[in-house]
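S.K.: Following is a predicted model, sequence given first.
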Amino acid sequence: MPLTRRTLLIASAASLATVYGIQSVIADTGDLGGLIYKTSDGVAIDGTDTVAYFTQGKPVAGSAAFTHDWQGATWQFSSAENRDLFAADPTAYAPQYGGYCAWAVGEKNSLASTEPERWAIVDDKLYLNFNRGVQRRWDKDRAGFIAQGDINWPDLVAGNS
């Protein structure tokens with residue numbers, strides 16, 4: 001069968017769908033590839049208790065008394081209970097994109113720091129953002145930024161490993 005322009009377009013579209021589908025699976029596995037937003041001494045997301053976003057509905061400072069090492073970072077928690085919840089299922093509580101700014105990952109295909117107070121839980125996943133202004137931009141099209149962020153994240157991990 002000769003390759004027509006239509007055949008090539010259909011094959012290209014199918015290939016892209018397959019590639020994007022695979023990337024979405026990679027982004028959803030929770031494997032952050034060791035790319036975690038952390039302090040110079042290795043504490044993830046500035047020591048904020050990631051479980052508290054889900055259980056208390058707000059950012060809560062973690063403590064060096066309650067820690068769990070995961071994916072090359074030390075995660076701090078406000079209680080032994082929160083630490084144990086995280087240890088049992090880190091991917092359920094860890095922020096998407098390693099705690100880097102969700103807007104920057106989706107819009108700019110880059111990494112940026114985050115503020116604990118700039119957050120949202122979407123479809124049972126935690127997303128953090130750089131500051132109030134960025135959070136407002138991200139809030140205008142969360143689904144779009146998440147979809148693009150899921151596509152961009154594997155390349156950011158590969159480029160920073």
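M.R.: All right, it came through fine.

S.K.: Can you pull the phi/psi pair for residue 132?
M.R.: phi -60, psi -40 (degrees, to the nearest 10).

S.K.: if I look at it, how far off is residue 35?
M.R.: Counting by Cβ to Cβ, to the nearest Å, the separation of residue 132 from residue 35 is 25 Å. Glycine gets a C-beta too; all of them are placed from N, C-alpha and C.

S.K.: okay, residue 34: pLDDT?
M.R.: Looking at residue 34, its pLDDT stands at 82.

S.K.: Apart from its chain neighbours, what residue comes closest to it?
M.R.: residue 72 (4.4 Å; Cβ to Cβ, 6 or more residues apart in numbering).

S.K.: ok, that neighbour - contacts?
M.R.: By Cβ atoms under 8 Å, 6 or more residues apart in numbering, the contact set of residue 72 is 34, 36, 42.

S.K.: where does the first one fall, helix, sheet strand or coil?
M.R.: I take that to be residue 34. Recorded secondary structure, residue 34: coil (DSSP: H, G, I helix; E, B strand; the rest coil).
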